[in-house]
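A.B. asks: Build me a model:
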Amino acid sequence: KDGSTFIIYSEEFIEGADVSELLSQGFFTDPAKVVQLIHNVCSAIKVYWAHDKTVHRDVKPANIRYSNTTDNFILIDAGIALVKDRTTITPTGHGSPRTPAYAAPEVIRNERNISYRTDLFCLGIVAYEAAAQQHPFIQPQMTRQQAENAILALDPTPLTDHRHDLPEPISSVIIKMLSK
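C.D. replies: Numbering: from 1, shown residues only. Below is the predicted model of the structure:
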């Protein structure tokens with residue numbers, strides 16, 4: 001009546017756990033689960049990008065659920081997704097929405113050239129954590145600024161330094177996703 005527009009967004013309940021819970025439980029001891037994580041989330045990123053060039057912008061462990069019923073990883077919470085070349089309801093300039101530990105360099109720098117590669121970088125961080133049981137750039141107790149500087153400046157250590165049973169092609173894919 002007053003001309004306001006409301007957007008209602010809902011998601012189905014997914015029986016299972018999010019990846020942050022699974023990381024703390026040592027769920028990814030089997031390299032096949034790391035591969036499955038990458039495959040399932042890459043499939044979701046592909047769907048997002050194929051539909052109006054949408055970038056999720058918040059790929060992180062808390063936004064990936066493992067379904068006990070389907071044995072799949074599901075990317076959830078598109079609350080800050082951005083459709084390229086369109087106006088967004090969330091800011092994209094200074095102070096753009098992001099989770100600092102899982103932000104791609106172009107998001108940290110507030111650049112406008114985000115794409116599916118932005119989401120792949122974030123997935124690379126999650127996959128590295130799943131494989132190595134540690135973040136590729138950030139140490140515990142870092143401040144937000146230190147974390148973002150680490151993402152911008154550091155290269156991840158080879159996954160073979162942390163895990164010897166991970167096949168080289170998987171390790172290479174994860175490191176490639178973390179390319180800047």
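
A.B. asks: going forward, measure contacts between C-alpha atoms and count neighbours the same way
C.D. replies: OK.

A.B. asks: What segments of the protein are helices?
C.D. replies: Taking DSSP state H, the helices of the chain run over residues 19-24, 31-50, 105-108, 116-132, 144-153, 168-177.

A.B. asks: Can you add distance to F73 and give those back as CSV?
C.D. replies: Output for these, formatted as CSV (distance: least, Cα to Cα, whole Å):
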stretch, distance to F73
helix 19-24, 8
helix 31-50, 6
helix 105-108, 24
helix 116-132, 12
helix 144-153, 25
helix 168-177, 17
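
A.B. asks: Burial-wise, tell me which of those helices comes out on top.
C.D. replies: helix 116-132 (a mean of 24; mean count of other Cα atoms under 10 Å).

A.B. asks: re the thing from before, would you mind putting the helices of the chain into TSV with mean pLDDT alongside?
C.D. replies: Below are these laid out as TSV (pLDDT from 0 to 100):
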stretch	mean pLDDT
helix 19-24	97
helix 31-50	96
helix 105-108	94
helix 116-132	97
helix 144-153	96
helix 168-177	96
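
A.B. asks: nearest residue to Q139 other than its sequence neighbours?
C.D. replies: With sequence-adjacent residues excluded and distances taken as Cα to Cα, 6 or more residues apart in numbering, Q139 is closest to A147, at 7.9 Å.

A.B. asks: residues contacting the one you found?
C.D. replies: By Cα atoms under 8 Å, 6 or more residues apart in numbering, A147 lies in contact with 100-101, 137-139.

A.B. asks: mind checking how far the spatially most central residue of the chain is from H162?
C.D. replies: For the chain, the residue nearest the mean C-alpha position is V59 (2.6 Å; Cα atoms, centre = their mean). The gap separating V59 from H162 is 23 Å, by Cα to Cα, to the nearest Å.

A.B. asks: Angles on the backbone of the residue nearest to the centre of the chain, please.
C.D. replies: phi -80, psi 110 (degrees, to the nearest 10).

A.B. asks: circling back to that earlier point, quick check: PyMOL command selecting the buried ones in the contacts of A147.
C.D. replies: Here is the PyMOL command that picks out the buried ones among these, judged by 16 or more other Cα atoms under 10 Å:
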select buried, resi 100+101+137+138
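
A.B. asks: Of the contacts of A147, just say which sits nearest to T70.
C.D. replies: Closest approach to T70 among the contacts of A147 (Cα to Cα): A101, at 28.7 Å.

A.B. asks: Count the residues that sit near R65.
C.D. replies: 23 (other Cα atoms under 10 Å).

A.B. asks: what's the nearest residue to it if we skip its chain neighbours?
C.D. replies: D18 (4.1 Å).

A.B. asks: For the residue nearest to L154 when sequence neighbours are not counted, give me its contacts.
C.D. replies: Leaving aside its chain neighbours, L154 sits nearest to F137 (6.4 Å; criterion: Cα to Cα, 6+ apart). Contact analysis of F137 by Cα under 8 Å, 6+ apart lists 147, 150-151, 154-156.
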